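K.L.:
everything below, folded, please.
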Amino acid sequence: MDRADTHPNDATLLARAVQLANDNGDAGQLPFGALVVRAGAVLATGVNTALKDHDPTAHAEVAAVRHACRALGVLHLTGAIIVSSCEPCAVCHAVAASAGIERIVYAAGKEIIPDLHYPAPGDNAELMSGMQAALRTLAPEQIAYVPTPGADEPFRRYLAARSLT
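P.N.:
Numbering: from 1, shown residues only. A predicted model of the protein is given here:
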């Protein structure tokens, strides 16, 4: 999916996701933020709380889906989209698919993410990358990169906040 397939309010929503990521990074948490949106209304937001919660699945997109489902009392988010500050990993993409998310748009590609000193084992990186590629191949129309000003800022702010501690 390319930029031509985006919607008019994607830029505003992406800016909000990036701001969530900025705020989370400033708080010393991994700098990722996401929203679940349907018919232009934000149903829920989420930020990455993996460090705080000691939970490797506590990603922003997963949190946003969980919050939306709880708020609506549903298990399926038909017609909704995820707006993410960063390219979703395989876990987040799979959660979106299982919740019936129609589309995912994201502000920062994974290639711009610096080493965040995230304490994840490096030996599974190839597997996770392969799973992410497989999901994109299975549903290429579901995910779109939308270049967004300041999309790299959450990473800089997070690293700066960590260097002060």
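K.L.:
tell me the secondary structure for Val36?
P.N.:
strand (DSSP: H, G, I helix; E, B strand; the rest coil).
K.L.:
also Leu77?
P.N.:
Three-state call for Leu77 (three-state DSSP): coil.
K.L.:
next one: the helix or strand of the chain at the bottom of the mean pLDDT ranking to chain centre, how far?
P.N.:
Least confident helix or strand of the chain, by mean pLDDT, DSSP states H and E, is helix 125-138 with a mean of 84. Distance, stretch centre to chain centre, for helix 125-138: 16 Å (Cα atoms, centre = their mean, to the nearest Å).
K.L.:
contact partners for Asn9?
P.N.:
By Cβ atoms under 8 Å, 6 or more residues apart in numbering, Asn9 lies in contact with Gly40. Every C-beta, even on glycine, is put in place using the N, C-alpha and C of the backbone.
K.L.:
for the record, mean pLDDT for the lengthiest helix in the chain?
P.N.:
Longest helix in the chain by number of residues (criterion: DSSP state H): helix 10-26. The average pLDDT for helix 10-26 rounds to 95.
K.L.:
can you list contacts of that helix?
P.N.:
30-35, 37, 42, 45-48, 60, 83-86, 105-108, 146, 148-151, 153-155, 157-158, 161.
K.L.:
cool, stretch 153-165 as well?
P.N.:
Under Cβ under 8 Å, 6+ apart, the answer for stretch 153-165 is 18, 21-22, 24-33, 85-86, 108, 112-114, 116-117.
K.L.:
and it, what's buried?
P.N.:
153-155, 157-158 (16 or more other Cβ atoms under 10 Å).
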